[in-house]
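[1] quick one: sequence and predicted model below, then my questions.
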Amino acid sequence: MYLLSTMGLTTTKSEFHVLAVDDSSVDRKLIEMLLKTASYQVTTVDSGSKALEFLGFCEDVESNSNDSSISPIIQQEVEVNLIITDYCMPEMTGYDLLKKIKESSSFRDIPVVIMSSENVPSRISRCLEEGAEEFFLKPVRLADVNKLKPHMMKTKNRDCQKAEEEVSSKEKIASVEVESSDQSQAEDGNNNKRKTTEVEEELSQDRTRRRYNGLEVI
């Protein structure tokens, strides 16, 4: 598990929670300050592996396997609405972290933003092609941070739409079950009526036969 000294959790009354990843303590403090200024809830970690651990991934970091066999093992208590990560970090780069997130069926919808002190066009293009929402050059400014909210809103609206679709689907299933139950009850009622009518007709015919049997033919 990672030490609390390497992770900072700032709780504010914000509907958005940002996970900031940077191996530089100075840059972590700066991005945390900017995010707090923008009224976001912030969690900071100093490596990509600790970011994955915070999200709830299980991964053998030392194996460096190419199969990207990561699986969520715990239910994340605090929802992460966006990840902002430095590009150049030891062991796992920001690009590697981006790939892990986008390859995950559980976390691929989380927007990822890359930061770097080096303006390398090929690096920027590669990150954007892999699914990064933005690529910020350091030092990150408040104007950059203000660009984050639309990405989080888009994801939040998509989550709300999914939730509404799930509720609607459940309501349709419940409605079909009720209609099926009502139809079944109606059929049972019709069957009972038919049986009652058949019994009454048999009794009526039996009474008629007995009455005719008692008459004398002249």
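    Structure received.
[2] would you map the helices across this structure?
    Assigned helices in the chain, in chain order: 25-37, 48-55, 94-103, 121-130, 142-145, 148-213 (criterion: DSSP state H).
[3] which one of these lies nearest to V78?
    helix 48-55 (8.9 Å; C-beta to C-beta). Using the backbone N, CA and C atoms, a C-beta is placed for each residue, glycine as well.
[4] and that closest one, what does it pack against?
    strand 17-21, strand 41-45, strand 82-86, helix 94-103 (3 or more C-beta pairs under 8 Å, 6 or more residues apart in numbering; DSSP states H and E).
[5] now render these as JSON lines, adding mean neighbour count, distance to G56 and mean pLDDT.
    Listed next are the helices and strands packed on helix 48-55 as JSON lines, based on neighbours: other C-beta atoms under 10 Å; distance: least, C-beta to C-beta, whole Å; pLDDT from 0 to 100:
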{"stretch": "strand 17-21", "mean neighbour count": "25", "distance to G56": "12", "mean pLDDT": "97"}
{"stretch": "strand 41-45", "mean neighbour count": "23", "distance to G56": "13", "mean pLDDT": "97"}
{"stretch": "strand 82-86", "mean neighbour count": "26", "distance to G56": "13", "mean pLDDT": "98"}
{"stretch": "helix 94-103", "mean neighbour count": "20", "distance to G56": "12", "mean pLDDT": "97"}
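[6] between these, which one is nearest to D144?
    strand 82-86 (9.5 Å).
[7] what sits up against that closest one?
    Contacts with strand 82-86, where a contact means C-beta atoms under 8 Å, 6 or more residues apart in numbering, come from 16-24, 27, 31, 35, 48, 51, 94, 97-98, 101, 110-116, 136, 148, 151-152, 155.
[8] hey, C-alpha coordinates of it in CSV?
    Only the C-alpha atoms of strand 82-86 are listed here, as CSV (Å, rounded to 0.1, in the frame of the first residue of the first chain):
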residue,chain,number,x,y,z
LEU,A,82,-11.0,13.2,-14.1
ILE,A,83,-7.3,12.2,-14.0
ILE,A,84,-4.5,14.7,-14.7
THR,A,85,-1.1,13.2,-14.9
ASP,A,86,2.5,14.2,-15.6
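[9] can you give me the offset of it from its chain's centre?
    18 Å (C-alpha atoms, centre = their mean, to the nearest Å).
[10] check stretch 133-142 too.
    27 Å.
[11] may I ask which helix or strand of the chain has the lowest mean pLDDT?
    The helix or strand of the chain with the lowest confidence, counting by mean pLDDT, DSSP states H and E, is strand 71-72 at a mean of 42.
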